[in-house]
Structure formats: structure tokens, C-alpha cells
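Asker: After the sequence you'll find the predicted model.
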Amino acid sequence: MAGDDKSPASGRRRKGAAPDRLRDATASRLADGKTSHSDPAAASPGARSETADRPAQPRQSKAAFRSPAPGVRERPLSPNIQIYRPQITSVLSIGNRITGVLLGIGGVGLVVWLSAGALGPAAYAGVTAALLSIPGQVVLFLFTLAFFFHLCAGVRHLMWDTVHGFELRTVYISGWIVVMASLALTVIAWAVGLFVMS
Amino acid sequence: MVQDTRSPLARASGLGPAGKGAAEWWAQRVSAVALVPLTLWFVIEIIAHMHSDYAGFVAWLRSPTGMIPMVLLLIALFHHAALGLKVVVEDYLHGLVKFSALVAVRLGAVALAVAGILAVLFIALSG
């Protein structure tokens, strides 16, 4: 595993695009003094692909990003993310995002459940029946897993925020702890739940 | 396109680090810390109430130990979700789609939080 990772911080590059964005914005300003900065897309990495589909804006064409001003050496671009082998750091990082979005959808479900409870016994019984169905139980199980993963990965992020655990070895260890703990907590929660139900 | 006459500082304002990023970063962490006990409380309560019917559900939210953490959970949850989704939208969407998504996230989070809190209060306070 040693040497897989270029930097221990790669697992938490949640805002890793920021330096690129700055660089692109600067490069475009150097290359084309008339680039409009009122368009937020012009200052973002996605602007290249997006503006390529919009030929109506010649000032923000690909050329503005690709060819630097005379005398400015062309900057190397990072390879696209797709060519990297998935690593525990990168997978957990995007996993934290995906589970966060999923749990946001779960929050909608929570409000639906509470609203049904406010509407009365009939509506509440309908939601309960849906949750107790096989698809409902599968969704609930996956939400439990997403919740415990996001919880554990979030605690890991809070640890990093206190400037602890950035050594490469520690990053791998805490990553696997997140995986194991979220799986274990999910199994424990469902085991206790099924025990209570029986 | 109208000529942009704003100063470089004015153009930079609101773009990334020049905006309110630090405050939102802190709010994301503080709401995360609040959610650790609140969500664990919720999971434990759900497991403990799995055998209960509608009357049990109402009795749970009618007790202060059910109602108060539930309202706090809804506030922290949708605050945290709105901040997180905002960052996700800002990273992956651009232009008008980004703007629309940011508005939708903000309005959706407020609407869901208010709806959830009012539902809890309705259950807890009505006959």
C-alpha cells in the first residue's frame, strides 16, 4: 500500500478544486483580458466543458483556457480523476458526500413520517406499512448504513479539523476504522431492533 | 454583455474565500457536533419504540424528552444538510442550474425544517 497515495490529505480534498479554480480564473484573465467575470461559470473548472457546448460565447472558448498569453509557459493539467485506481482515502471521501446527499433525502422521509403522524392514525398506518414492507426495510437498512458511515466519517473529519491524524498510516487506519465501525454499528442496530421486535 | 465596471475586489466578493465561507465552514462543524448525540438518540428511540402503535408514537412526541430533542434534531439536521448540499451544488453544477439548485436547497431545507417542527408540535400539543 505504501506509495499508493501522493499525500495524506488526498482523502479529504473536499474543496480540492479551489486552487485549480483560482488558477483557471487567473489563466483566463491572462489569456483574454475581456473574459467576463460576471458569469460564475467562467471561474470554475467546469467552464471548459460547459462553454464548449455553447458556441455563442467566443470570449470564453476553449482556446482562452488552452493557449496562454505570449511568454507564459503552458501549465500542466492534472490527469482526470477516472484514471486513478480507487483508494480508501478517495473512496471514503466521495462516500461521505454521497451518503450525506442520501441522508438529506432521508430527512425528507423523516418529515413525511412526522407529517403523517400529525395527519392522524390512518396516514401514520400507511407510512408504517410502507416502512415495514420488504422494499421499505431494505431502504431503511441502507439508510442506517449511510447514517452510520456518515457519522463515523464525519467524526473522522472533526478529528482532522483539530489537526490530528494526518500521517499517511493514521489516515489509512482511521479510514478502515470508519468502514468497520459503520458496518458493525449498522449490524448491531438491526440486531437489537429485530430482537426488540421479536 | 454589459461592461463590468466593478472593482476587482467587488468581483471577487462572494467567490469562494472572499465570501462567508469561514462562517459556513464553522456552522457545518458545529451542526455536525450537535447531530452526533441527536441522531444517536433518534436511532435508539426508534429501536425502543419499534413495537409501539400510533398511541405510543403520539405519547413519545408528547413527552418533553421526545418532543424537544426531535425539534432540535430537525433544526440541526436541515441546517447541516443545507450547508452540505450547498457545497456539493457549488462543486458540481454551474451557471443557471447551480443558481436554481442553490435556491431549491435553501428553500427546501427551510420548508422541510418548518414542516417537521410544526408536525411535531401539532402532535405534541393537539388534543
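Answerer: Okay, I see it. Quick caveat: nothing in here was measured; it's all calculated off a predicted structure. Residues are numbered from 1 along each chain as shown, chains lettered A, B, ... in the order given.
Asker: can you give me the strands for the chain?
Answerer: You didn't say which chain, so I picked chain A. Using DSSP state E, chain A contains no strands.
Asker: Hmm, no, I was thinking of chain B.
Answerer: So, for chain B - with DSSP E - there are no strands.
Asker: Select the longest helix from it.
Answerer: For chain B, the helix with the greatest residue count under DSSP state H is helix B:95-125.
Asker: One more: chain A?
Answerer: Per DSSP H, chain A has its longest helix at helix A:88-119.
Asker: State the number of residues packed around the closest residue in space to residue B:109 that isn't next to it in sequence.
Answerer: Nearest residue to residue B:109, sequence neighbours excluded (Cβ to Cβ, 6 or more residues apart in numbering or on different chains): residue B:82, at 3.6 Å. C-beta: built from backbone N, CA, C; applies to glycine. Neighbour count of residue B:82, defined by other Cβ atoms under 10 Å in any protein chain shown: 24.
Asker: ok, now residue A:151?
Answerer: By other Cβ under 10 Å, neighbour count at residue A:151 equals 22.
Asker: what residues are up against it?
Answerer: A:182, A:185, B:36, B:39-40 (Cβ atoms under 8 Å, 6 or more residues apart in numbering or on different chains).
Asker: mind checking pLDDT for the residue nearest to residue B:109?
Answerer: You'll see residue B:82 listed with a pLDDT of 97.
Asker: In contact with residue 120: list those residues for me.
Answerer: Went with chain A since none was named. By Cβ under 8 Å, 6+ apart, residue A:120 has no neighbours at all.
Asker: um, chain B though
Answerer: Contacts of residue B:120 by Cβ under 8 Å, 6+ apart are A:114, A:118, B:61, B:67, B:70-71, B:74.
Asker: so of these, which ones are in helices?
Answerer: A:114, A:118, B:61, B:67, B:70-71, B:74.
Asker: now the residues you listed as CSV including distance to residue A:131 and neighbour count?
Answerer: Output for those, formatted as CSV (distance: Cβ to Cβ, whole Å; neighbours: other Cβ atoms under 10 Å in any protein chain shown):
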residue, distance to residue A:131, neighbour count
A:114, 13, 24
A:118, 17, 20
B:61, 17, 20
B:67, 21, 18
B:70, 17, 25
B:71, 22, 18
B:74, 19, 24
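Asker: Export those residues to a markdown table and append columns for distance to residue B:48.
Answerer: Shown next, in a markdown table, are the ones in helices among the contacts of residue B:120 (distance: Cβ to Cβ, whole Å):
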| residue | distance to residue B:48 |
| --- | --- |
| A:114 | 17 |
| A:118 | 21 |
| B:61 | 14 |
| B:67 | 16 |
| B:70 | 14 |
| B:71 | 19 |
| B:74 | 19 |
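Asker: rewinding a little: what's the spacing between the residue nearest to residue B:109 and residue B:120?
Answerer: Remark: distance between residue B:82 and residue B:120 (Cβ to Cβ, to the nearest Å) = 19 Å.
Asker: which one of the contacts of residue B:120 is nearest residue A:79?
Answerer: Residue A:79 has its nearest neighbour among those in residue B:74, at 43.1 Å by Cβ to Cβ.
Asker: So that closest one is in contact with residue B:118, correct?
Answerer: No: if you go by Cβ atoms under 8 Å, residue B:74 and residue B:118 don't touch, sitting 9.9 Å apart.
Asker: give me the low-pLDDT residue ranges for chain A?
Answerer: Chain A contains residues with pLDDT under 70 at A:1-69.
Asker: The residue lying closest to residue A:101 once chain neighbours are set aside: what's it in contact with?
Answerer: The shortest distance from residue A:101 to any non-neighbouring residue, by Cβ to Cβ, 6+ apart, is to residue B:88 (6.3 Å). Applying Cβ under 8 Å, 6+ apart to residue B:88 gives the contacts A:97, A:100-101.
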